[in-house]
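> Fold the following for me, if possible:
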Amino acid sequence: MDQDLERAALVALMRRGDRSWPDLTDQIESVGSAREVLDSALDASGQGALFDTGPAVDLEAVADEIAAWEREGMRLVTILDKDYPFYLRLVHQRPPFLFLRGTPIEDEARVAVVGTRTPTPEGVAHARAVAGGLAERGVTVVSGLAAGIDTAAHGATLAVGGRTVAVVGTGLRRAYPAQNAQLQREIAERGLVISQFWPDSPPSKASFPMRNAVMSGYSLATVVIEAAFRSGARMQARLALEHGRRVFLMRSLMTHEWAREYASRPNTTVIDGPEDVFRQLDSLVPSTGELTWA
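Have a look, this model is predicted:
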């Protein structure tokens with residue numbers, strides 16, 4: 001199987017825009033070849049089968065475009081690639097591909113630290129303490145590069161020389177918010193930035209919930225510092241529970257009805273501070289199983 005043409009076929013399928021991402025991902029994984037799925041789609045639409053009647057889609061040109069992205073420092077990893085993140089592969093919302101900028105991260109101990117864009121000083125302090133403490137213990141800290149709690153988590157991790165991953169809601173050629181452009185560059189230099197969107201994609205109402213689903217699937221646990229009901233952090237906590245991942249909620253969140261309801265579910269722990277997370281780290285990391293970088 002020509003991996004370059006397989007990636008090109010997957011990109012071509014995505015650009016058709018006639019299938020939902022989960023459906024397309026399921027079919028490609030089931031068939032085991034994006035080129036075969038594309039061939040069937042072209043044949044069904046009357047455009048001519050890719051292999052039988054000549055290239056209705058110029059896969060060589062798409063492959064050249066992918067190569068140009070990679071020369072720019074954006075590596076494309078598809079659902080058919082062995083280095084697609086293993087834990088993300090297990091969730092329904094997994095995207096067909098990811099763009100990666102930065103250094104491969106070769107551990108399975110990844111914990112997301114998330115929260116509001118408008119935190120209290122106490123919330124910022126908690127985020128820094130949790131993220132910094134996790135990083136000092138060799139855990140990769142994952143967050144979404146948003147203002148507020150996310151920024152505090154990434155910054156605290158970098159400050160102690162730890163590993164951090166930013167899962168962003170835009171393409172890799174963009175930074176959101178704009179004031180975090182330098183932080184995004186620093187994370188790419190010292191950690192990893194992940195996007196499931198085309199390189200020039202702007203932020204949108206749809207992109208951030210999709211980003212939260214990927215962040216949850218990519219991480220073994222999610223720590224929510226501060227979050228209102230209508231927030232991506234609350235949504236990520238819900239998704240993490242659906243994904244069978246551990247969720248840690250700061251006790252200050254118990255003023256919210258949503259947090260009290262989540263706290264009653266299995267796999268949820270209410271914490272008073274960073275030490276409550278640290279004490280449970282060993283139980284988060286599987287002792288066996290396939291591991292992957294990214």
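> Give me the distance from the longest helix seen in the chain to the chain's centre.
Determined from DSSP state H, the single longest helix within the chain is helix 121-136. Taking CA atoms, centre = their mean, to the nearest Å, one finds helix 121-136 lying 21 Å from the centre of the chain it belongs to.
> Buried residues, that helix. List them.
123, 124, 126, 127, 128, 129, 130, 131, 132, 133, 134, 135 (16 or more other CB atoms under 10 Å). Glycine gets a C-beta too; all of them are placed from N, C-alpha and C.
> Convert stretch 74-93 to PDB, retaining C-alpha atoms only.
Extracted C-alpha coordinates of stretch 74-93, given in PDB (Å, rounded to 0.1, in the frame of the first residue of the first chain):
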ATOM      1  CA  MET A  74       2.900  20.200   9.800                       C
ATOM      2  CA  ARG A  75       2.900  16.500   9.900                       C
ATOM      3  CA  LEU A  76      -0.200  14.700   8.700                       C
ATOM      4  CA  VAL A  77      -1.200  11.500  10.600                       C
ATOM      5  CA  THR A  78      -4.300   9.600   9.400                       C
ATOM      6  CA  ILE A  79      -6.400   7.000  11.100                       C
ATOM      7  CA  LEU A  80      -4.700   4.300   8.900                       C
ATOM      8  CA  ASP A  81      -1.200   5.200  10.300                       C
ATOM      9  CA  LYS A  82       0.200   3.200  13.100                       C
ATOM     10  CA  ASP A  83       1.300   6.300  15.000                       C
ATOM     11  CA  TYR A  84      -2.200   7.700  15.200                       C
ATOM     12  CA  PRO A  85      -2.700   8.300  18.900                       C
ATOM     13  CA  PHE A  86      -3.900   4.900  20.400                       C
ATOM     14  CA  TYR A  87      -6.300   6.200  23.100                       C
ATOM     15  CA  LEU A  88      -7.900   8.700  20.700                       C
ATOM     16  CA  ARG A  89      -8.400   5.800  18.200                       C
ATOM     17  CA  LEU A  90     -10.800   4.200  20.800                       C
ATOM     18  CA  VAL A  91     -13.400   7.000  20.800                       C
ATOM     19  CA  HIS A  92     -16.300   7.600  18.400                       C
ATOM     20  CA  GLN A  93     -15.400  11.200  17.800                       C
END
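> need the contact list for the closest residue to residue 253 other than its chain neighbours.
In space, and not counting its chain neighbours, residue 253 is closest to residue 259: 3.9 Å by CB to CB, 6 or more residues apart in numbering. Residue 259 makes contacts with 224, 227, 234, 249, 253, as judged by CB atoms under 8 Å, 6 or more residues apart in numbering.
> Distance check, residue 259 against residue 210.
Using CB to CB, to the nearest Å, residue 259 is found at 23 Å from residue 210.
> before we move on, what about residue 156?
Remark: distance between residue 156 and residue 210 (CB to CB) = 26 Å.
> Neighbour count: those two, which is higher?
residue 156 (25 against 17; other CB atoms under 10 Å).
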